[in-house]
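> Turn this into a structure:
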Amino acid sequence: MWRAYRVIFRLRSSLHIGLRKVGNLQRTRPYVTGRAFWGALTMRLTRDAAGAGPATESLRYKDIGEQINQNLAFTYFYPATQAGGDYQVAWPWEKENLFRRRFLSSYQGTALSAFHESAAIGMLREVEFISPYTLDTGEPVFLVGYIFESKGSKLAWREALTRVQFGGERGYGWGDVGLIRIDDVKDDVLFGGKAKFDGSAKQVRICVSASEPLLAHTLAVNLPAKGEVESLVGREWRSYNCLHRYAGQHVEFVGVCFTPGSVVDQDLNLVIGKFGIWRRTDGSS
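Numbering: from 1, shown residues only. You can find the predicted model right below:
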């Protein structure tokens, strides 16, 4: 049994969710993935649990991360602006050029060579980000998503969400968000009707109607959909491994997925899995 909440964050600094590199440009995804959300929440809960002590053992993060996957399910978080007393999500795949002009910008930087008193050779870089203000009208940008909590969960996730930071370049202050509100969801719809959910089963079920978009990465096996497909891979820190045990050395392969915005050909019943990844249900979940 799952209880659903709509969660609103205010974006307070630039936000970079790593996508791919093109030349010197490190592109950002135009949304917060479930893995990025899970990582931020895992970091916050682990460090809170450590108190004044060190939180440098990756097993602690592993344990908390598994608790999150067992007790919570979540959607991706999408940029939004305020409109009519509520929050209007800007879907990146609808009017893509307009979305990019409104929400995305980039920052250029380089390392310096003190000896030559100039930029170091080959160190020029450019990082794309979601702007905390729209680039055309200067409106504040928010992030909207949903969290599902299992019955009996003891995770202090509400308190943790007041001090989370998403994505990359966090050491420069990027990814800072302020929690605006957590609302109980009274009906069974997500994002104004883009999808429906059912929280009465073992896993949260999602129903997407024909011709509607997928709102998260969805495993592509036997999925009747049209859109971009990508192999979802992440780097992890696993100090308990015999090999590849340092930060970022372990490569975790999730699967081949349709990207958010892909359109389904027929009504589909899906479930939310670990890291917010959707997959087609086999009827037993």
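> Can you give me the neighbour number for the residue lying closest to Lys21 once chain neighbours are set aside?
Excluding its sequence neighbours, the residue lying closest to Lys21 (CB to CB, 6 or more residues apart in numbering) is Arg27, at 7.2 Å. For every residue, glycine as well, the C-beta is placed using N, CA and C. Arg27 has 18 neighbouring residues, counting by other CB atoms under 10 Å.
> Quick one: list the elements packing against the strand or helix carrying Arg27.
In the assignment (DSSP states H and E), Arg27 maps to strand 25-28. Judged by 3 or more CB pairs under 8 Å, 6 or more residues apart in numbering; DSSP states H and E, strand 25-28 is in contact with strand 18-22, strand 125-130.
> okay, now Ala247: neighbour count?
11.
> any idea how far Lys154 is from it?
Per CB to CB, to the nearest Å, Ala247 is found 29 Å from Lys154.
> Ile182 now?
In terms of CB to CB, Ile182 sits 17 Å off from Lys154.
> try Gln82
34 Å.
> between those two, which one's more packed in?
For the pair Gln82 and Lys154, the greater number of neighbours falls to Gln82 (14 against 7), based on other CB under 10 Å.
> so that one bridges to which residues?
Note on Gln82: beta-bridge partners Tyr87, judged by DSSP bridges.
> Tell me the confidence at it?
pLDDT for Gln82: 96.
> OK, contacts around the spatially most central residue of the chain?
Nearest to the mean C-alpha position of the chain, counting by CA atoms, centre = their mean, stands Thr33 at 2.1 Å. Contact analysis of Thr33 by CB atoms under 8 Å, 6 or more residues apart in numbering lists Ile17, Tyr76, Ala216, His217, Phe275, Gly276.
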